[in-house]
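In: What shape does this take:
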Amino acid sequence: MSEAPPTPAGPFVPEVSYGSQQRAEFITTIDAAPITLRNAVAGLTEAQLDTKYRNWTIRQIVHHIADSHVNCYIRFKWALTEETPTIKPYDETRWAALDDSLHGDIRFPLALLESVHARWVLLMRSMSENQFGRDFFHPETQKVVRLDAALSQYVWHGRHHTAQIVWVRAQRGW
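Out: Residues are numbered from 1 along each chain as shown. I've put the predicted structure just below:
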């Protein structure tokens with residue numbers, strides 16, 4: 001088996017400026033992401049779910065995507081209701097090392113992802129152009145992040161981690 005690539009979906013390329021058509025496509029991708037992930041893990045056994053892609057198992061990746069996207073949804077809500085709020089970062093490596101991520105049934109993060117994405121898509125489809133220009137401050141990176149940039153990043157984030165799972169399946173012939 002060959003060495004796992006760091007970014008099987010390609011490197012993240014920030015979308016600096018995009019229009020309403022691209023935004024609509026991004027939102028559609030966010031809407032479809034839970035089913036895409038569900039399809040990527042369909043039929044995997046417990047042992048297969050515990051197969052590593054670089055540092056995390058497939059199971060941990062599934063839990064991570066749900067954890068991360070819940071955080072992003074909350075960041076959107078803060079940015080829409082506060083002036084450049086400072087978000088609360090989290091240590092994704094430590095979250096992935098918790099027992100629920102190490103051993104938990106993936107049905108739960110898949111259901112959580114479906115629910116969060118349904119709410120997030122509902123929210124984004126109701127947002128104005130000006131609202132996508134609202135932002136939050138990320139204390140770890142010391143950067144102000146616009147919501148339109150966060151949307152672009154999370155479209156990539158879902159693709160990135162789903163591609164990791166697809167890569168493992170292809171390498172192992174699953």
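
In: Contact partners for Ala33?
Out: Contacts here follow C-beta atoms under 8 Å, 6 or more residues apart in numbering; on that basis Ala33 touches His69, Leu113, His117, Val155, Gly158, Arg159, Thr162. From N, CA and C alone the C-beta is placed, and that goes for glycine too.

In: which stretch of helix or strand covers the third one?
Out: In this case it means His117. helix 107-126 (DSSP states H and E).

In: List of residues touching that helix?
Out: With C-beta under 8 Å, 6+ apart, helix 107-126 has contacts from 27, 30-31, 33-35, 37-38, 41, 62-63, 65-67, 69-70, 72-73, 76-77, 80, 151.

In: Now do the buried residues in the lengthiest helix in the chain.
Out: Scanning the chain for the helix with the most residues, using DSSP state H, yields helix 147-172. For helix 147-172, the neighbour count (16 or more other C-beta atoms under 10 Å) marks 147-152, 154-169 as buried.

In: contacting residues for Thr29?
Out: Counting by C-beta under 8 Å, 6+ apart, Thr29 has contacts Val155, Gly158, Arg159.

In: wouldn't Thr51 be in contact with Thr57 here?
Out: Yes. Counting by C-beta atoms under 8 Å, Thr57 is a contact partner of Thr51 at 6.2 Å.

In: about what we covered before: and the longest helix of the chain, what does it pack against?
Out: helix 20-41, strand 52-53, helix 58-81, helix 129-132, strand 135-138 (3 or more C-beta pairs under 8 Å, 6 or more residues apart in numbering; DSSP states H and E).

In: please redo it, this time with the cut-off set to 7 Å
Out: Judged by 3 or more C-beta pairs under 7 Å, 6 or more residues apart in numbering; DSSP states H and E, the packing partners of helix 147-172 are helix 20-41, strand 52-53, helix 58-81, helix 129-132.
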